[in-house]
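Trainee: This is a predicted model, with the sequence first.
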Amino acid sequence: MSRSGLIVSFYGILAATAVAWGALRGQANIFIYSPSSTARVGAHPSYGMGQLVSSLGIGIAIGLLVVLLTRVVQERYAWARMLHNEFRHRLGPLDGQEILLLALASSVGEECFFRGALLSHMQAVLPGFAGTFFAILGSSMVFGLLHIGPGVRFLPWTISSLGVGLLLGSVYVGMGDLLGPIAIHFTVNYLNLQDIVRRQMEA
């Protein structure tokens, strides 16, 4: 199977697992944040085109801010440049289609699983504000722990993934849908992968 096929298969399975997980626990639509508590934090009873556009726009804007912060950190700290170089060597050559596919598949698959299914499941364990806090933190910790690289030098990646997970979880709860987190995730992955490839060509 080609690399593109593997990417689509892996993240497709991840998204399908999230949908099945939601269905098993009675959550018909993991795209919409719907905590079990009647005192719903961040819930949006009405959902339409305006909400979609708002979530998409806010998600892209936040994603651009995260990318800008990434660039600033890379310019100022040697460990960030080293980590960027490690990813460059490990990813190998990527063309424009593969970058788009990887960014899109990973953003949809991971957000469906970590926010749509895992966060919602953890929130149902402890309803109310405390449960929402527990769900955001817990799902972010799992997200961070699954972004562990081979060696201590990848520790900043794990820590930053935890921080980004907290951001994504908060946006999911605050905006009430997965489009915002997906837009953030896609924007960050797409632009950072493009930067990695650009630097490969310059090296």
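Mentor: In hand now; what should we look at? None of these values were measured; they are calculated from a predicted model. Numbering: from 1, shown residues only.
Trainee: C-alpha from now on. contacts and neighbour counts both.
Mentor: Noted.
Trainee: Nearest spatial neighbour of A28, chain-adjacent residues omitted?
Mentor: Counting by Cα to Cα, 6 or more residues apart in numbering, A28 lies nearest to G22, which is 6.5 Å off, once chain neighbours are set aside.
Trainee: quick one: what helix or strand has the one you found in it?
Mentor: Secondary-structure element containing G22, defined by DSSP states H and E: helix 3-24.
Trainee: Please list the outside residues in contact with the helix or strand hosting V197.
Mentor: Counting by DSSP H and E, the element that carries V197 is helix 179-202. The set of residues that contact helix 179-202 without belonging to it, under Cα atoms under 8 Å, 6 or more residues apart in numbering, is 31, 52, 55-64, 66-67, 84-85, 87-88, 93-94, 99-100, 102-104, 106-108, 111, 168-169, 171-172.
Trainee: What's the PyMOL line that selects buried ones from those?
Mentor: Buried members of the contacts of helix 179-202 can be picked out in PyMOL with the line below, counting by 16 or more other Cα atoms under 10 Å:
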select buried, resi 31+55+56+57+58+59+60+62+63+64+66+67+84+88+94+99+100+102+103+104+106+107+108+111+168+169+171+172
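Trainee: doesn't N29 make contact with the residue nearest to A28?
Mentor: Yes. With contact defined as Cα atoms under 8 Å, G22 reaches N29; the gap is 7.2 Å.
Trainee: who's more crowded, those two?
Mentor: Between G22 and N29, counted using other Cα atoms under 10 Å, G22 has the larger neighbour count: 22 against 14.
Trainee: helix, strand or coil for G26?
Mentor: For G26, the reduced secondary structure class is coil; criterion used: DSSP: H, G, I helix; E, B strand; the rest coil.
Trainee: what about it, how many residues close to it?
Mentor: Quick note: G26 (other Cα under 10 Å) scores 10 neighbours.
Trainee: circling back to that earlier point, so how far is the helix holding V197 from its chain's centroid?
Mentor: Remark: helix 179-202 is offset 12 Å from the chain centroid, using Cα atoms, centre = their mean, to the nearest Å.
Trainee: OK, contacts around A80?
Mentor: Under the criterion of Cα under 8 Å, 6+ apart, the contact partners of A80 comprise V73, Q74, P156.
Trainee: Done for today, thanks.
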